[in-house]
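Engineer: I'll drop the sequence and a predicted model, then ask my questions.
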Amino acid sequence: QVQLVESGGGLVQAGDSLRLSCAASGRTSSTYRMGWFRQAPGKEREFVAAISSIGISTYYADSVTGRFTISRDNAKDTLFLQMNNLKPEDTAVYLCAAGAGIDPRSLVGYNYWGQGTQVTVSS
C-alpha cells in the first residue's frame, strides 16, 4: 500500500504561482511512476503531469506545458508540482497518484490516489 497526501493548494490570482507537494509513504513508493491529475466541478478527472520513478522522464498535458513543472525527491518521498502563470481555468482539485501502468497519461495506470488539494485561481 502507498499513502499519498497533497498540500500547497490555495486561492490565488491569475498570473500567480503555487507549488503543490505530495508526501508518499508505504511500500516502495519511490519505485512507482507518479502523476498529478485535476478535477473541476462537473468535469471529468484529467491528466496534468507525470514523472517516471527515477525522474528521468516527464509528461505534460498540452494545457500546462511551459507553465507547470513536475519533479520528485525520492530521498524524501515527495512529489512536487510547480505551477506558474496560473489561469482561472486551472481551478480544480489537484490529486497526486502513483502507479505502474503503461500510459502515464491514463488514469487507469495509477493504483494509489491522494485526497486532493483545492486550487482556485481568480481572474
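Structural biologist: Everything's here; your move. Residues are numbered from 1 along each chain as shown.

Engineer: G35: how many residues sit nearby?
Structural biologist: G35 has 28 neighbouring residues, counting by other Cβ atoms under 10 Å. For every residue, glycine as well, the C-beta is placed using N, CA and C.

Engineer: OK, contacts around G35?
Structural biologist: Applying Cβ atoms under 8 Å, 6 or more residues apart in numbering to G35 gives the contacts 47-51, 59, 70, 96-99, 104, 110.

Engineer: give me the most central residue, this structure.
Structural biologist: W36 (2.1 Å; Cα atoms, centre = their mean).

Engineer: show me what contacts A40?
Structural biologist: By Cβ under 8 Å, 6+ apart, the neighbours of A40 are 91-93.

Engineer: cool, and R19?
Structural biologist: Contacts of R19 (Cβ under 8 Å, 6+ apart): 8, 80-83.

Engineer: what bridges to it?
Structural biologist: Note on R19: beta-bridge partners by DSSP bridges are Q82.
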